[in-house]
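Q: pasting a predicted model and its sequence here:
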Amino acid sequence: MMNAAGFPLLSLITWLPLVGGAVILSIRGDEETVAVNARWTALWTSLIVLALSLVLWVKFDPREAGFQFNESLAWLPHYRIAYKMGVDGISVLFVLLSTVLTPICILASWDAIQTKVREYMLSFLILETMMVGMFCATDFVVFYMFFEAVLIPMYLIIGIWGGPRRVYAAVKFFLFTLTGSVLMLLALIAMWLQAGTTDIAVLMETRFPVGMQTWLFFALFASFAVKVPMWPFHTWLPDAHVEAPTAGSVILAGVLLKMGAYGFIRFSIPMLPDAAQHYAPVIWTLSVVAVVYTSLVAFAQEDMKKLIAYSSVAHMGVVTIGLFTFNEQGIQGALYQMLAHGVVSGALFLIVGVVYDRIHSREIARYGGLADRMPAYALLFMLFTMASVGLPGTAGFVGEFLVIVGALQVNFWLALLGGLGMILGAVYMLYLYRRVVFGTITKDDLKHILDLSPREWAVFAPLIVLTLWMGIYPSSFTGFFDESVAALVKHHHAAIASTVKLAQGMTH
Amino acid sequence: MNWTLALPEIVLAVLGMAILVFGVLRKTDSTQLATMFVIGAFLLTGLLVGTREAGFAFQGQFVADAFATFNKELILLGGSLALILSLDWNRSQGIARFEYPVLVLFATVGMLIMVSASNLMTLYLGLELQSLALYVLAAFARDNLRSSEAGLKYFVLSGLASGLLLYGISLVYGFSGTMDFQALHASLMKPAEAPAGLIVGVVFVLVGLAFKVSAVPFHMWTPDVYEGAPTPVTVFFATAPKVAAMALLLRVMGTSFAELVPAWQSLVVMMSIGSMALGALAAIGQSNIKRLMAYSSIGHMGYALIGLAVGSSDGVRGVLVYMAVYVLMTAGTFACILAMKRKGQPVENISDLSGLATNDPGLALALSVFMFSLAGIPLMAGFFAKLYIFLAAVKAGLWALAVIGVLASVIGAFYYIRVIKVMYFDAPAEAFDRRPPALSFVVAATGLFTAFFFLFPAPVVDAAELASRVLFR
């Protein structure tokens, strides 16, 4: 079991947070001592994990399209299921996204969370294990376990530390995602029986009968569409976002939404090429509706978090458009948009969190004129707003641009309506910015509001760097997935061509 | 005649009588000692069961094989856990009498015989020995109205079910001329020629046994008996007898009537769907946690029945894994319920769990592990149980059953996560009394098993695989 790192790096990254969790569980003392120690343990654990994942960044060979850092351990040999880990160009950056966002979340909750700190930090570390494990899994059963187990810590995070309607939001989140997941389980079993294995690399090469593909596609769609979320399965998201604590929203928007899109690109597209091609117009339609409709809904929101939540649905609509164009630009754009959205929407939720921690309100009308008292805050807010809008030079631009280029190659209207999202995005984001930051201060408590603290600077610093870096020099990121995406696209078109040939052979 | 194959049952029965005599002759209270002895007897029997070789005894009326061994160990485990949990509770509730462990022992002997039955007569003998002891156990808190009601209700309905079973047996015997499972199997090699009366007999047998596993529509007794019986008895009811009855069902259907799968499959499918649906829907409105667990167990039997409906050894393997996981997570859940006591008085409402995460984080953590496991969320043992069941169902092409199954599990998840919601999201209520160490031990052991089953599923799955090869050959 050797790989590029010489030791099971991926397993270490995946399971190390749980070790930190065990340490947190063993802390003894009064509540204050436990809280302080839990925070520091969680922070250090997540930082060590981040450092380890940077090894991945350095050692990853971008010229290789297949899985790297492979690990395999017999688990249920009778059923040919093994604990298999590996990353390719598509998944490696999501591992990094998860490991970057986790310490940021822990730091962002430093003062905001004062009750049950031990449990909170434990939940976040468990969540990190599940997220990283999911992106590293190269066995469908292992993937499924992590994919669904994410529900447990997230349910608790929303339900325990959330806002006033947290119970409703948590239960809705849980049941929506679970419904999709269990249907995926059946698809998984069907694919398993058909292919005789659950190894993802083998499943990608397996040709499932075209009729079976349809059923499998919709079973997987049930799971991933809820997770993305695609219109009209998105209704859990605004509730979950509004009620979740700030850090919970960051992870939800930053990583959890990516799990659905990742599922599409890892399973639906390569394993079920005919069904994916055939039902692409359905996906396009739902995505375009998501882009236009949720942008308009976002414009009408009075709650800052809800607005950003709806904007997430719109941005993820762009992602699904890109994925189902089946060309390199589209898929690369979708991947880039996923990463950029992970950073930028995470940052925006943190931006809301900053003023929420001070004033305890997310109502847009409650604010105004913050630029006077919080110039640094206003500057950062501007940066992330621009990134969200997709201004060239920021992270948001590259992905949207590539997706539109990709979409133009398949359908003009798709590109036009998808591109409309950028314009509508500018409308609601700038409108939000104007109402919160500009104008004159009318509320008394805003007159004494404090600008960013050093801790908050530390939280934002990596996100600022990433946002600008991704905008200015995208090839340091696209370089990772160029080869894998090219292989995916080639694989897809070869599969479609062979089906067409088969069909012609039957008619002649 | 190789009577040594039945040595575990013989030894257990003899020890039971010895413990009974010991309890009667001893002047002072001997509950604790008797309980210890019975647990010891279970351990010894477990060892004996593990060392039996396969074969038939008593002119083919009794069979020892891998399937029997797997289920017997599981039954003995369930019985032991129930006994460990009963000790402190019975003392505090003033129902500590040495007859209690002895009754559990005799019920267990009955179950062991059921599992090893290879003849309809042996089957009935074992079943009745088990039932007689269980009637008394249900009514063990005899001064408590609800407990007496539970005992009586169980007695009347169970008597009815036994009657149906016996009628079915007589029909089967009348139309085939034999009660031996192997002979029945041999005589039914051509299912098309099976006489209609025999099919009717099979249906009656199925119904009688469905009552014992509390599958819909023969589940009516379950919530009342679960709620009324003293909680340690409920633990016992929910674990060992379910394993025994399910094993019996598998054995009868998987050997003697294995060729008649098309005839009884639709019946099992309907019972399975009914149980899953009722288990999921009826539990939503419950406020009493014991009733909730009753409906939950009905639902779980529905999932297990999917494995039987498949009618193959894959299905049997699924059922066996399911039952093993089910016994441990159920025993653990009930151990948590037994810890729900305020000032010595047991409380049973779900709302009494409010804020348990603040008062007793360890117990809350364990109970949430059990709840997530019962809901079938991955990394918990319950997920694997469902995985093997659905694997078998999909393999056999029973898509409708599989889809209904997974959707019912989502509905079921609603009430399981509601329990977690009460513990973690609600404001703390008054704390519970200190838990006795025996209880903490069971909670910790079963909790660790449930949470970390994913690390080493192979031993259980392999054993189930081995056991399942005996049936549906």
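A: Received it, and whenever you're ready, just let me know what you need. Since this is a predicted model, take the numbers as computed values, not measurements.

Q: wait, is A:Asn86 part of a strand?
A: No, residue A:86 isn't Asn; it's Gly. Yes - using DSSP: H, G, I helix; E, B strand; the rest coil, the assignment for A:Gly86 is a strand.

Q: check which helix or strand covers residue 336.
A: Going with chain A. With the criterion set as DSSP states H and E, the secondary-structure element containing A:Tyr336 is helix A:328-359.

Q: that answer is for a different chain, and I need it for chain B
A: Applying DSSP H and E as the criterion places B:Cys336 in helix B:313-338.

Q: per-residue pLDDT, residue 435?
A: Here I'm looking at chain A. With respect to pLDDT, A:Arg435 has a value of 87.

Q: not quite, go with chain B.
A: Model confidence at B:Arg435, given as pLDDT, is 88.

Q: for chain B, give me the ranges with low pLDDT.
A: Low-confidence segments of chain B, defined by pLDDT under 70: B:1.

Q: tell me where it has strands.
A: B:55-57, B:62-64, B:341-342, B:345-346 (DSSP state E).

Q: need these in JSON lines (columns: distance to chain A).
A: In this view, the C-beta of every residue, glycine as well, is placed from N, C-alpha and C. Converted to JSON lines, these look like this (distance: least, Cβ to the nearest Cβ, whole Å):
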{"stretch": "strand B:55-57", "distance to chain A": "26"}
{"stretch": "strand B:62-64", "distance to chain A": "25"}
{"stretch": "strand B:341-342", "distance to chain A": "23"}
{"stretch": "strand B:345-346", "distance to chain A": "27"}
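
Q: quick revisit: and the helix holding A:Tyr336, what's buried?
A: Along helix A:328-359, these residues count as buried under the neighbour rule (16 or more other Cβ atoms under 10 Å in any protein chain shown): A:328-356.

Q: report all helices and strands that that helix contacts.
A: Helices and strands touching helix A:328-359, by 3 or more Cβ pairs under 8 Å, 6 or more residues apart in numbering or on different chains; DSSP states H and E, are helix A:89-108, helix A:246-251, helix A:257-263, helix A:304-323, helix A:375-389, helix A:395-410, helix A:454-472, helix A:475-507.

Q: just the CA atoms of the lowest-mean-pLDDT helix or strand in chain A, as PDB, please.
A: The helix or strand of chain A with the lowest confidence, counting by mean pLDDT, DSSP states H and E, is helix A:370-373 at a mean of 82. Extracted in PDB, the C-alpha atoms of helix A:370-373 (Å, rounded to 0.1, in the frame of the first residue of the first chain):
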ATOM      1  CA  LEU A 370     -21.500  51.100   8.200                       C
ATOM      2  CA  ALA A 371     -18.800  52.600   5.900                       C
ATOM      3  CA  ASP A 372     -18.400  55.500   8.400                       C
ATOM      4  CA  ARG A 373     -17.600  53.400  11.400                       C
END
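
Q: and it, how far out from the chain's middle?
A: If you compare the mean C-alpha spot of helix A:370-373 with that of the full chain, they lie 32 Å apart, counting by Cα atoms, centre = their mean, to the nearest Å.

Q: quick one on the thing from earlier: quick one: closest of the strands of chain B to A:Gly439.
A: Proximity to A:Gly439 (Cβ to Cβ) singles out strand B:341-342 among the strands of chain B, at 56.3 Å.

Q: was I right about A:Gln332 contacting A:Glu483?
A: No - the pair formed by A:Gln332 and A:Glu483 falls short of the contact definition of Cβ atoms under 8 Å, at 11.1 Å.

Q: thinking again about what came up before, so which elements touch the helix holding B:Cys336?
A: Judged by 3+ Cβ pairs under 8 Å, 6+ apart, helix B:313-338 is in contact with helix B:66-92, helix B:231-238, helix B:240-251, helix B:289-310, helix B:361-375, helix B:381-395, helix B:437-452, helix B:458-468.

Q: which of those helices sits closest to chain A?
A: helix B:381-395 (4.5 Å; Cβ to the nearest Cβ).

Q: hmm, that closest one in reach of chain A?
A: Yes - Helix B:381-395 lies in contact with chain A when judged by Cβ under 8 Å from any Cβ of the partner chain; the contacting residues are B:Phe383, B:Leu387, B:Phe390, B:Leu391, B:Val394, B:Lys395.

Q: would a markdown table of those residues with neighbour count be doable?
A: Formatted as a markdown table, the residues of helix B:381-395 next to chain A follow (neighbours: other Cβ atoms under 10 Å in any protein chain shown):
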| residue | neighbour count |
| --- | --- |
| B:Phe383 | 23 |
| B:Leu387 | 25 |
| B:Phe390 | 27 |
| B:Leu391 | 25 |
| B:Val394 | 23 |
| B:Lys395 | 18 |
